[in-house]
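*Asks:* Task: produce atomic coordinates for the following.
(2 chains)
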Amino acid sequence: MSVNMTKGQAISLQKNDGGTLTAVRMGLGWQAAQRRGLFGSRTKEVDLDASAVLFADKQPVDVVFFRHLVSDDGSVRHTGDNLVGGVGQGGDDEAILVDLQRVPVHIDQIVFTVNSFTGQTFQEVQNAFCRLVDETNGQEMSRFTLDGGGQYTAQIMAKVHRTGSGWSMTALGTPANGRTFQDLMPSILPHL
Amino acid sequence: MTAELVRGQNHVLPQTRLEIRVSAGRPIVAGATLSDEQGKVRGADWVAHPASPGVPGLEVSKQAAADHRLAVDLGALPPGAERVNILLALPVTDGSQVADGGGGPVRFGALAAPFVAVTGLDGSEIASYTITDLDAESAVVALELYRRQGAWKVRAVGQGYAGGLAAMLTDQGLPDGPALAAEILDAVASGVARSVAAPPQRTAEGDRVRQAAPPAQETHGTAAASSANSPHPATASAPDGHVAQAQAPSPVQTGPAAAGPATGPAPTGDGGVPHQPAPTPSSAARTPVRSDEQGGRPDGHTQPTQDRVDQPEPQTATTATPASTGGPVDYTHPARRTAAPPAPAPAPQSAQPGAPARPVAGDATGWSMEERLYNQVWGMFEDLARTAAAYRSAVDFAESRMEQELDQVLTDPRSRISGQGDAAREAARAKQAKLVEQAREVLDRDVAQLSAEADVVEPALPPSFAAWDNPVWHAYRVPMEAPMALRLGDLHLPECADLRIPMLIRLPLERGLWIDSGRTSSSATASLADSEETRGLAMDTAVAHAARLLAVYPPGDFAVHVIDPAGSAAGSLAPLRDSGVLADPPAAGAAGVSEVLARLTRRVDLVQMAVRARATDSLPPDVDTAEQLLIVNDFPHGFDDRAVTQLRYLADEGPAVGVHLMMVADREDAAEYGPILDPLWRSLLRLTPVPDDHLADPWVGHAWTYEPSLTPPGSEVLSDVLARVADARRAWGR
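*Replies:* Presented below is the predicted three-dimensional model:
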């Protein structure tokens, strides 16, 4: 029942059985740049980075990205930086795991972003995707195809936010430009 | 090195004595014909076949089998023979399989592609050929060995004959081909009765490759004759992946390996179904073919043309039949089941479903219980650090939000009217209180969980991890091996002072320890007006740590030296000195200081040299290879510049070669040295004799209150343990 998102589409996702989400994973996968020529190592690799920003009432409180792999409270974990991408087999090259039950009480939104650290636009990246998975059952809830997109180097993927006693998710898919999540802050704020 | 031939390709043979291995998924007949330069077989005595397995220079197996080895000596061929054709045929006679409802495959297309390889006598493969693209043929010329200008070569032929063996023999110039073919197939059929019972089946994945060939020899008693020519049957019998894969799915071999007899009924209604054409000779295509064959099974073994020579005993055949047809083939080795790896160390079980997970000691990863407990304690440490971080972050946020809202109320002119301002202030405070309350709830929940875990973990800790009041110390026995970590004390946070996390550091020590006898920031020290008392406490702490180190290392593997220039710590050192566990009496005076330092410096130097030269076994006999701990009290009393330099050398170079420093000092005492000793202090792990919040965790950097691990007041545990250590040393003569 994976929702294949088009860019900019915003829909709310609740868990199918009416329950609330307890753990989500944002997975990011892309294909390593093709090596060409004799000096293959000189060709530019593509490095995409997944980040998650934790907001409390529209103020960024904590961030999880390749230089800070675990949020201070331990609820959001990045599995580690991948600098070159995979081989395009469809697996996640970077993932951010969120244990929603352990997110501190004042955090009410978590925004997921993808940046091209090496500067290639998503037009130049092959087989790039970004997906949100319900970790409890492995079900993919939404998926974006990033490659072949426009002239931008970042995307604000989705946000997970508190609703009532539980959590729900809104897919954003907003294009932006920036090297790391800091550059995206102005673009993120309107979505909070 | 192996040449993988394709049809028509040839390859030079480096020697004339060869072995030809044939492997097919099913029992097949292997034979050979000799022919002259014109390609003509000069007579029936130039044909090696099951009824007449030997011709000069050539020997074949007497019966059908899934694996064959043909011994060939090209130098011993009869004069005039210039070519050797290796033939493969399915053990059927024309048309009979139609009548009996399909006793076996009548076409190579229904089998996995047969694989033939030419090997040297040592089993090394010279050339191999997988005969693909066969379809309706029931006989095939696999290889041709031929002499070209004096040198022997092999060519991959792969010429199939839909007319079977008879057509093939006729084609090679034998006038009575059909008669000879009938004789061959009769011999194959009668070979059934002679063959011995199938050995225990083996198809487990790990076994397949290594053992594929030898059981085939056992099954076909006469096949051993040919393999007997091989000087190295073991190595020669190691077929490569082709062989193993082609062979493994054979029902003959997998049948008894299935879950057991009669696990499923024989398939019904398929006896008359003609063999399904297999689109490709892949293993996937074999299953339907096989179940078809099984339909004709009950009377199959009485038919002269039946192909199941590997199952000579009807009983074996009938028990195997239902098992092998009952469903998907079970490739599990029956013997392998019992040889399953022993159950892993009892994994901690989570509680009954529904109830919150009951904490279990050792609930972490690790190769030993000690490692699991170590990891669990560190896991608790991290969990508490992060839980506290979440709580503090939430509280900070609540405060700042309230401040903002209160500011807003102040700047809003409407708040001055009537009670609106007060109401807004109340609301802001209520919001803050609510959030803090929520955060506290979460913290309490997590702390309760961790406390429950600590309650089960603490009693389970081994001596090196355990507090001095742990009963494990009363049951202390000298250990046989060094522990992985040492408990230096407890850590706790102000939010939950009752939850103590053991502070475990890895052994051997990577840096020295500094027990700060100076003024600490905590209020506990301020009340100790007398600095002498603090010094005494610091020395007591040092002795407790040293005693623990002595106790948790095997006797003789850890030596403690003491420098006490003024003899001021005699009281604290009494337990160590009286039990006789010190390597030498506490050094006093400047002479003592320089003597001990010189000795340890020499040891570090020698061991470093030995390690660099990889000659650790040629150290002088007076160098103690045990880990060394030097306790320095009252630094820098009794130290001259040279001694200070040596001390710094020991601090820098010692830990790598097993010389550790434990300074009991007040930094203020050494203030006259100025900043040059700062690197020394920084290189040491600072501990305090009284609770003090100077240690940070590696994850979020909270300030944790450290409390040293001391013996309970009035307890004799320390001297008891040290007495046992001393006894063990005497008993071991160390």
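
*Asks:* Quick one: the strands in chain A, in order.
*Replies:* A:3-4, A:12-13, A:23-31, A:48-56, A:59-64, A:76-78, A:94-99, A:109-116, A:126-134, A:139-145, A:154-163, A:166-176 (DSSP state E).

*Asks:* Quickly run through the sheet partners of the fourth one, with directions.
*Replies:* Within its sheet, strand A:48-56 is paired with strand A:59-64 (antiparallel), strand A:109-116 (antiparallel), according to DSSP bridges.

*Asks:* circling back: need the strands of chain A in TSV with mean pLDDT, distance to residue B:624 and mean neighbour count, can you?
*Replies:* Quick note: C-beta positions are derived from backbone N, CA and C, even for glycine. What follows is those, written out as TSV (pLDDT from 0 to 100; distance: least, CB to CB, whole Å; neighbours: other CB atoms under 10 Å in any protein chain shown):
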stretch	mean pLDDT	distance to residue B:624	mean neighbour count
strand A:3-4	60	70	14
strand A:12-13	58	68	15
strand A:23-31	87	54	23
strand A:48-56	92	53	24
strand A:59-64	92	50	20
strand A:76-78	93	46	22
strand A:94-99	92	50	22
strand A:109-116	90	57	26
strand A:126-134	83	58	22
strand A:139-145	80	63	18
strand A:154-163	84	61	22
strand A:166-176	80	62	20
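
*Asks:* Run the chain-centre distance for stretch A:106-113.
*Replies:* Remark: stretch A:106-113 is offset 12 Å from the chain centroid, using CA atoms, centre = their mean, to the nearest Å.

*Asks:* And stretch B:73-85, by the same measure?
*Replies:* For stretch B:73-85, the distance to the chain centre is 53 Å (CA atoms, centre = their mean).

*Asks:* for stretch B:435-443, same thing?
*Replies:* The mean C-alpha position of stretch B:435-443 is separated from the chain mean by 43 Å, CA atoms, centre = their mean.

*Asks:* does chain A sit close to that stretch?
*Replies:* Yes - against chain A, stretch B:435-443 shows contacts by CB under 8 Å from any CB of the partner chain at B:435, B:438, B:439, B:442.

*Asks:* what sits up against that stretch?
*Replies:* A:104-106, B:387-388, B:390-391, B:394-395, B:397-398, B:401, B:495-496 (CB atoms under 8 Å, 6 or more residues apart in numbering or on different chains).

*Asks:* Could you point out which of the strands paired with strand A:48-56 sits nearest residue B:406?
*Replies:* strand A:59-64 (16.8 Å; CB to CB).

*Asks:* could you dump the residues of stretch B:435-443 next to chain A to TSV with secondary structure?
*Replies:* Output for the residues of stretch B:435-443 next to chain A, formatted as TSV (DSSP: H, G, I helix; E, B strand; the rest coil):
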residue	secondary structure
B:435	helix
B:438	helix
B:439	helix
B:442	helix
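
*Asks:* still on that earlier bit, which among the strands paired with strand A:48-56 is found nearest to residue B:543?
*Replies:* strand A:59-64 (43.8 Å).

*Asks:* what number of residues lie near residue 73?
*Replies:* Just so you know, I chose chain A. 26 (other CB atoms under 10 Å in any protein chain shown).

*Asks:* that answer is for a different chain, and I need it for chain B
*Replies:* 16.

*Asks:* List the residues that contact it.
*Replies:* Going by CB under 8 Å, 6+ apart, residue B:73 touches B:16, B:17, B:18, B:57, B:58.

*Asks:* from memory the first one sits against residue B:150, does it?
*Replies:* Going back to what we said before, that points to residue B:16. No - taking CB atoms under 8 Å as the definition, residue B:16 is not a contact partner of residue B:150, at 11.2 Å.

*Asks:* Looking at the two, which one has more neighbours?
*Replies:* Using other CB under 10 Å, the more surrounded residue of residue B:16 and residue B:150 is residue B:16, with 16 against 5.

*Asks:* how close does the more buried one get to residue B:443?
*Replies:* Using CB to CB, to the nearest Å, we find residue B:16 at a distance of 85 Å from residue B:443.

*Asks:* Kindly report the same for residue A:71.
*Replies:* Taken as CB to CB, the span from residue A:71 to residue B:443 is 16 Å.

*Asks:* What of residue B:114?
*Replies:* 72 Å.

*Asks:* So what pairs up with the residue nearest to residue A:61 when sequence neighbours are not counted in the strands?
*Replies:* Among residues not flanking residue A:61 along the chain, residue A:54 sits closest, at 5.1 Å (CB to CB, 6 or more residues apart in numbering or on different chains). Applying DSSP bridges to residue A:54 gives these bridge partners: residue A:62, residue A:110.

*Asks:* hmm, back to that, which of the contacts of residue B:73 are buried?
*Replies:* Buried by 16 or more other CB atoms under 10 Å in any protein chain shown: B:16, B:18, B:57, B:58, out of the contacts of residue B:73.

*Asks:* Filter those down to the ones in strands?
*Replies:* Among the buried ones among the contacts of residue B:73, the members falling in strands are B:18, B:58 (criterion: DSSP E).

*Asks:* Surely residue B:537 is in contact with residue B:691?
*Replies:* No - the pair residue B:537 / residue B:691 is not scored as a contact, 11.4 Å apart, by CB under 8 Å.

*Asks:* Tell me how far the closest residue to residue A:105 other than its chain neighbours lies from residue B:554.
*Replies:* Distances taken as CB to CB, 6+ apart place residue B:438 nearest to residue A:105, at 4.3 Å, with adjacent residues excluded. Computed as CB to CB, the residue B:438 to residue B:554 distance reads 52 Å.

*Asks:* Which of those two has more residues huddled nearby?
*Replies:* residue B:554 (18 against 15).

*Asks:* Next up, the contacts around that one.
*Replies:* B:478, B:479, B:480, B:481, B:482.

*Asks:* what's it sitting at in phi/psi?
*Replies:* phi -60, psi 150 (degrees, to the nearest 10).

*Asks:* Not counting its neighbours along the chain, what's nearest residue B:624?
*Replies:* residue B:559 (5.9 Å).

*Asks:* So residue B:114 and residue B:443 - more neighbours on which side?
*Replies:* residue B:114 (27 against 22).

*Asks:* what sits against the more buried one?
*Replies:* B:22, B:23, B:24, B:28, B:88, B:108, B:130, B:131, B:134, B:140, B:142, B:246.
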